[in-house]
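**Student:** need a structure here:
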Amino acid sequence: MPDILALVLQQTLNGVYLGCLYVLVALGLTLIYGVMNQINFAHADFVTIGAFTAFFSASRLATHVLGLPDATAYLLSIFFAMGAGALLGYLINAAVFAPLRDRGDELRPLIATIGVSVLLENGQLALFGPIPYSFDSPFTQHTLRLGKIFFSAQSLLVVVVAALAIGGLHAFMRHTYLGKALRAVSQDRETAGLMGINERYLIGLTIVIASALAGLAGALLGPVIVLTPFAGSSVIVKAFAIVIIGGFGNMEGTIIAGILVGIIEAFTVQYLGSGLIDLVVFVLLLAMLAVRPTGLIAERREENV
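**Tutor:** Presented below is the predicted three-dimensional model:
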């Protein structure tokens with residue numbers, strides 16, 4: 001295989017890996033906006049909580065208490081992170097978001113997400129302190145090679161888990177009663193309510209699913225980012241950019257945009273250096289807003305989520 005072709009394939013694979021991480025973070029944002037037409041500014045902190053849950057469950061509970069091998073402990077920690085995200089989403093929705101929505105004001109829940117973000121960040125700061133934690137995945141130590149192409153087992157795990165999460169979410173939204181009901185609520189809440197659909201329950205379910213996805217993203221991001229109480233902030237701005245590039249509320253657009261941004265990042269690091277990553281991504285965002293402000297796939301309420 002020629003060196004230039006091997007380099008292109010290598011960076012493309014690296015980009016797909018990065019893109020899958022971004023997609024997992026951005027999917028929760030897209031799901032909430034697609035169903036509720038609202039932005040969740042606390043999403044980054046759900047990602048961080050997922051990362052900390054995975055770290056402590058893998059390094060403390062699964063390894064030292066249950067005596068599991070490192071690889072098994074890390075895989076188990078992914079489910080703990082998803083569960084922690086889902087539980088936190090349920091509790092915060094029941095305690096904060098739902099009561100505010102019942103007052104008929106859509107602005108108050110939006111502002112509340114900012115307050116929840118500040119609360120969660122400072123709560124984690126009080127619990128874990130400002131010093132970064134070292135979260136090492138056992139899968140990063142194993143390298144797989146295909147000719148001149150190589151990648152870590154962790155990269156393969158991220159791609160597989162992302163594919164399963166995307167496929168599972170798509171199947172849920174398209175082929176289950178609850179998924180179809182969610183799509184109905186996203187299209188027309190009043191009509192859905194007249195048809196006997198419980199809007200309040202389904203909005204709560206949306207937040208739980210989005211929070212579980214955030215926890216999943218945190219478990220996979222933990223070994224990649226510097227693990228602090230503000231870790232999620234390092235990727236959430238890019239996730240917002242991906243949601244905008246893909247088209248607000250459109251899952252297919254978010255997936256395409258996430259993979260595209262990941263590949264662009266990989267080639268940027270190769271040819272321009274890591275210092276220009278954010279600049280290139282946001283130049284892409286500005287170009288998309290100027291040329292196609294609706295995103296890669298224009299928002300159509302009947303096709304969202």
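**Student:** When you work out contacts or count neighbours from here on, use the C-alpha atoms and nothing else.
**Tutor:** Noted.
**Student:** Would you mind checking the average pLDDT for the helix or strand harbouring residue 178?
**Tutor:** For residue 178, the host element (DSSP states H and E) is helix 177-187. Mean per-residue pLDDT for helix 177-187: 86.
**Student:** mind listing what's buried in it?
**Tutor:** Residues of helix 177-187 classed as buried under the neighbour-count rule (16 or more other Cα atoms under 10 Å) are 179, 181, 182, 183, 184, 185, 186, 187.
**Student:** Quick one: name whatever helix or strand follows it.
**Tutor:** Counting by DSSP H and E, the element that comes right after helix 177-187 along the chain is helix 189-194.
**Student:** Return the residues in contact with residue 218.
**Tutor:** 46, 47, 48, 49, 50, 51, 52, 54, 81, 232 (Cα atoms under 8 Å, 6 or more residues apart in numbering).
**Student:** Return the subset of these lying in helices.
**Tutor:** 46, 47, 48, 49, 50, 51, 52, 54, 81 (DSSP state H).
**Student:** List the contacts of the last one.
**Tutor:** With Cα under 8 Å, 6+ apart as the criterion, the residues that contact residue 81 are 49, 50, 51, 53, 54, 212, 215, 216, 218, 219.
**Student:** Selection in PyMOL covering whichever of these are buried, please.
**Tutor:** Selection of the buried residues among these in PyMOL, burial being defined by 16+ other Cα under 10 Å:
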select buried, resi 49+50+51+53+54+212+215+216+218+219
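**Student:** Dump the contacts of residue 81 into CSV; add distance to residue 191 and pLDDT as well.
**Tutor:** Converted to CSV, the contacts of residue 81 look like this (distance: Cα to Cα, whole Å; pLDDT from 0 to 100):
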residue, distance to residue 191, pLDDT
49, 36, 95
50, 36, 94
51, 39, 94
53, 40, 94
54, 41, 93
212, 28, 95
215, 33, 95
216, 33, 95
218, 36, 93
219, 38, 94
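**Student:** can the contacts of residue 81 go into TSV with extra columns for distance to residue 141?
**Tutor:** Output for the contacts of residue 81, formatted as TSV (distance: Cα to Cα, whole Å):
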residue	distance to residue 141
49	25
50	22
51	19
53	22
54	18
212	27
215	23
216	21
218	20
219	17
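**Student:** C-terminal to the helix or strand where residue 214 lies, what's the next element?
**Tutor:** Element membership of residue 214, judged by DSSP H and E, is helix 199-221. Helices and strands here follow DSSP H and E; after helix 199-221, the next one along the chain is helix 233-246.
**Student:** So which bits of that next one are buried?
**Tutor:** Neighbour-count burial for helix 233-246 flags 233, 235, 236, 238, 239, 240, 241, 242, 243, 244, 245, 246 (criterion: 16+ other Cα under 10 Å).
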